[in-house]
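*Asks:* sequence plus predicted model, see below.
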Amino acid sequence: MTTTTLAVLVPLLPFLGSVAGLLLGRTAPGYVRPLAVLPTVAAAVLAVVVAVRQGGGKAIDASTQLTPTGSVPIDLALHIDGFAALVAVLVGVVATCVQIYSTGYLREDPRYPSYAALVSLFTSAMLLVVYSGDLMVLLVGWEIMGICSYFLVGHYWETPEARAASLKAFLVTKLGDVPFLIGLFALATDAGTFRITGVLGAVARGELDHPTVIALLLLAGVAGKSAQFPLHTWLPDAMAGPTPVSALIHAATMVAAGIYFTARLLPVFAASAAAMTVLAVMAAITMVGSALAALAQDDIKRVLAYSTTGQLGYMAGALAVGDRGSAVFHLLSHGAFKALLFLAAGTVIHAAGTNSLTAMSRMSGLAKRIPDAYWTMTVALLALAAIPPFAGFFSKEAVLVAAEHTALGDRTVAPAGAGWTVLVAGLLTAFLTAAYALRLWLRTFRGRGAEAPDHGRQPIAMTSVLWVLAIPSLGFGLTVTYLDDWFDGNALTPTVTTAVLGTGLAAAGAVITYAVWRTLAARTPVTAAAQAPAPHVAHPDADAGLVEAEALHLPHPAEDPADPGRALLGPLHGPAADGFHLDAVYRTAFVRPVLAAASLVRFLDREVVDTYVRAAGTSAKGLGWLVRRAQTGNVQTYLSALLAGSVVLAIVAVALANAAAGA
């Protein structure tokens, strides 16, 4: 079987599994789990085969015209280079882990069939984005992911949080997708084609007439999809969905799509120094702001959500300095350890059996009860904090090295200012990342909150997946010397300067956080409330949100005296915990004006338009009443009216004649 045929099957198999799962979900529920897992496993295996055959060498291209358009043609095309081959493997492996994990995590959920089918469709859409060689076909996968995220984030639609989060995710990403679509059309108009190879050829020949406008329009869509400032606010709220969905969105699908798209079309962005500078500033603000926000969160999933935003900022920063190899390398590394972090967090929540224990201030006694989650999450957090030799160290160092080269003028793809911006922000974020990673570990596994009832050993489908993902989280970075051919031939190995600075700052962040935590823990006695057991919930899925935190009668998380994040942030803690009030800014700048305009339109419709409509109806009704009153049916009345009218007409005629004669 040819490589092209195998590549076509990779996104097709999950799609067919999704369709079959939806059709058989009610009539043959026994087939739902095999239809969720097996097509995704097959797609992952085929993606590995395609990657081996591609081998990091010449890109695989194949196409057939999808439909005649009369102008710019649209092709059903494949374009598989080293980046595409490796990202497809990541998507397949993470999606497989999520599907297997979900069979245990959602085993009692009545809506599991639709959930599994949507996850398969989500996976298929991302694989279509990865392999597509035509921008319009890529856009199809891009938009399918948007609608899948809407349904999956709102899986627990009974809760207002899930409904609001799904709507917010959809609207915010669509806010970026509108200029993104305009940018795609402008790009195709300048290049004369939607084919990615044709677009890159046009850029190389200098045929783009409006590179800055096109790049900025495309960046809006990238910011929405990959949760970059200022369109990142949907991602923390998306934690209202099931935890496995969070792992899929954050590690391998939706948020990775914007970074991958930018990497694929990096020459388009590099054609504009202004666009690269904007991307660098956007990445720097995202990195630092998200890390500060993560340090102030109490909900374990929101910490990880802000962490994802910050790590995506690293990837965007690498692209801003013109190094797509380090960006995709960090995307792959991050995909492994972030999927592990979310699935381990899901195990913590599942073990607790209550949604109140998504708050770290209420966790206690979990290290011994769930050792699989404890050890694997420790590995993932070390990778997140970029501690050698874990995967995150090598990939994050690759980003910092690229920024250093640009800042010092060794590379001229992007302005030197962009390099300095990314380098400084990246080093500061390394310090903050280690701080919030250790804070999460201490408060989750060494906390003194209310211990939840022990629900027994977690399903093997959940724990086995954690160990599978722990392998690349630990060892993927060690393959760095063998991946140069897959990443444009650029070396991804760390340099002494950035390694010492990055690791030193990370170590400093961890040491300071630990010292503050020990000091606060020594000063803060364990209260009776914290020792009280958490209430039991019948529903095994904590994400259903069936228990409110207030039911525990514990201190509000923001008032937890043993939180090192509060001491480290000081006066920034409040704003950081609220995402620096960006949602309030949006409400003031956009939501309230729209609501005010809607109120004005409603007033005009009700008081002006409806008044005219009612007046027209009333006038017709009054005229009808008068006409009806004249129709008495009495012949004498009619004759009298006729005679009176004749007399009046005669008098008027005589008066007019006399007036004419006198004139």
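*Replies:* Here it is on my side, so go on. Numbering: from 1, shown residues only.

*Asks:* just the element for Ala521, please.
*Replies:* Counting by DSSP states H and E, the element that carries Ala521 is helix 496-523.

*Asks:* Leu432 now?
*Replies:* Element membership for Leu432 (DSSP H and E) is helix 416-445.

*Asks:* packing partners of the next helix-or-strand element following that helix?
*Replies:* Later in the chain than helix 416-445, the nearest helix or strand by DSSP H and E is helix 460-475. The elements that helix 460-475 packs onto, with contact taken as 3 or more Cβ pairs under 8 Å, 6 or more residues apart in numbering; DSSP states H and E, are helix 82-105, helix 324-352, helix 371-384, helix 391-407. The C-beta positions use only the backbone N, C-alpha and C, and glycine is treated the same way.

*Asks:* send the alpha carbons of the first one over as PDB?
*Replies:* These are the backbone C-alpha positions of helix 82-105, laid out as PDB (Å, rounded to 0.1, in the frame of the first residue of the first chain):
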ATOM      1  CA  GLY A  82       8.800  16.000   8.700                       C
ATOM      2  CA  PHE A  83       6.700  18.400  10.800                       C
ATOM      3  CA  ALA A  84       3.500  16.900   9.600                       C
ATOM      4  CA  ALA A  85       4.600  13.300  10.000                       C
ATOM      5  CA  LEU A  86       5.600  13.800  13.600                       C
ATOM      6  CA  VAL A  87       2.600  16.000  14.600                       C
ATOM      7  CA  ALA A  88       0.300  13.400  13.200                       C
ATOM      8  CA  VAL A  89       2.000  10.700  15.400                       C
ATOM      9  CA  LEU A  90       1.500  13.000  18.400                       C
ATOM     10  CA  VAL A  91      -2.200  13.500  17.600                       C
ATOM     11  CA  GLY A  92      -2.800   9.700  17.100                       C
ATOM     12  CA  VAL A  93      -1.000   8.600  20.200                       C
ATOM     13  CA  VAL A  94      -2.600  11.200  22.500                       C
ATOM     14  CA  ALA A  95      -6.100  10.600  21.000                       C
ATOM     15  CA  THR A  96      -5.600   6.900  21.600                       C
ATOM     16  CA  CYS A  97      -4.600   7.500  25.200                       C
ATOM     17  CA  VAL A  98      -7.600   9.800  25.700                       C
ATOM     18  CA  GLN A  99     -10.100   7.300  24.200                       C
ATOM     19  CA  ILE A 100      -8.700   4.400  26.300                       C
ATOM     20  CA  TYR A 101      -8.700   6.600  29.400                       C
ATOM     21  CA  SER A 102     -12.200   7.700  28.800                       C
ATOM     22  CA  THR A 103     -13.600   4.100  28.800                       C
ATOM     23  CA  GLY A 104     -12.800   4.100  32.500                       C
ATOM     24  CA  TYR A 105     -13.300   7.700  33.400                       C
END
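
*Asks:* what values do phi and psi take at Gln65?
*Replies:* According to degrees, to the nearest 10, the main-chain angles of Gln65 amount to phi -70, psi 130.

*Asks:* verify the contact between Ala95 and Thr40 for me.
*Replies:* Yes: counting by Cβ atoms under 8 Å, a contact exists between Ala95 and Thr40, whose distance comes to 5.1 Å.

*Asks:* can you work out which residues contact both of these two?
*Replies:* Both Ala95 and Thr40 are contacted by Pro14, Ser120, Thr123, under the criterion Cβ atoms under 8 Å, 6 or more residues apart in numbering.

*Asks:* quick one: contacts for the last one?
*Replies:* Put plainly, it is Thr123. Pro14, Thr40, Ala43, Val91, Gly92, Ala95, Leu248, Thr253.

*Asks:* and the gap between the last one and Phe269?
*Replies:* Meaning Thr253. 22 Å (Cβ to Cβ, to the nearest Å).

*Asks:* what of the second one?
*Replies:* Using Cβ to Cβ, we find Thr40 at a distance of 32 Å from Phe269.

*Asks:* ok, the first one next?
*Replies:* Remark: distance between Pro14 and Phe269 (Cβ to Cβ) = 30 Å.

*Asks:* which one's more surrounded, those two?
*Replies:* With other Cβ atoms under 10 Å as the criterion, Pro14 and Phe269 differ in neighbour count, and Pro14 comes out ahead with 32 against 28.

*Asks:* so that one makes contact with Val41?
*Replies:* No: contact status for Pro14 versus Val41: not in contact, 10.0 Å apart, counting by Cβ under 8 Å.

*Asks:* which residue ranges of this protein form strands?
*Replies:* For the chain, the strands identified by DSSP state E occupy 60-67, 74-80, in order along the chain.

*Asks:* tell me how many other residues crowd Arg523.
*Replies:* Using other Cβ under 10 Å: Arg523 sits among 9 other residues.

*Asks:* name the nearest residue to it, sequence neighbours excluded.
*Replies:* In space, not counting the residues next to it along the chain, Arg523 is nearest to Pro561; the distance is 7.6 Å by Cβ to Cβ, 6 or more residues apart in numbering.

*Asks:* what separation do you get for that neighbour and Ala28?
*Replies:* Applying Cβ to Cβ to Pro561 and Ala28 gives a distance of 55 Å.

*Asks:* what is the neighbour count of Ala515?
*Replies:* When neighbours are counted by other Cβ under 10 Å, Ala515 registers 11.

*Asks:* likewise for Val19?
*Replies:* Taking other Cβ under 10 Å as the criterion, the count of residues near Val19 is 15.

*Asks:* now do the contacts for it.
*Replies:* For Val19, counting by Cβ under 8 Å, 6+ apart, the contacting residues are Ala117.

*Asks:* try 6 Å this time
*Replies:* Residues near Val19 by Cβ atoms under 6 Å, 6 or more residues apart in numbering: none.

*Asks:* how far away is it from Ser102?
*Replies:* Applying Cβ to Cβ, one obtains 18 Å for the distance of Val19 from Ser102.

*Asks:* which helix in this structure has the most residues?
*Replies:* Taking DSSP state H as the assignment, the helix of the chain that covers the most residues is helix 160-191.

*Asks:* buried ones in that one?
*Replies:* 162, 165-166, 168-170, 172-173, 175-177, 179-184, 186-188, 190-191 (16 or more other Cβ atoms under 10 Å).

*Asks:* what does stretch 461-469 give?
*Replies:* Taking 16+ other Cβ under 10 Å as the neighbour-count basis, stretch 461-469 is seen to contain the buried residues Ala461, Met462, Thr463, Val465, Leu466, Val468, Leu469.

*Asks:* what about that stretch, average pLDDT?
*Replies:* Confidence over stretch 461-469 (mean pLDDT, whole number) is 92.

*Asks:* show me the contact partners of that stretch.
*Replies:* Outside stretch 461-469, the residues touching it (Cβ under 6 Å, 6+ apart) are 97, 100-101, 103-104, 336, 339-340, 343-344, 347, 372, 376.

*Asks:* one more time with 8 Å, if that's ok
*Replies:* Residues lying outside stretch 461-469 but in contact with it, judged by Cβ under 8 Å, 6+ apart, are 94, 97, 100-101, 103-105, 336-337, 339-340, 343-344, 346-347, 350, 372-373, 376, 380.
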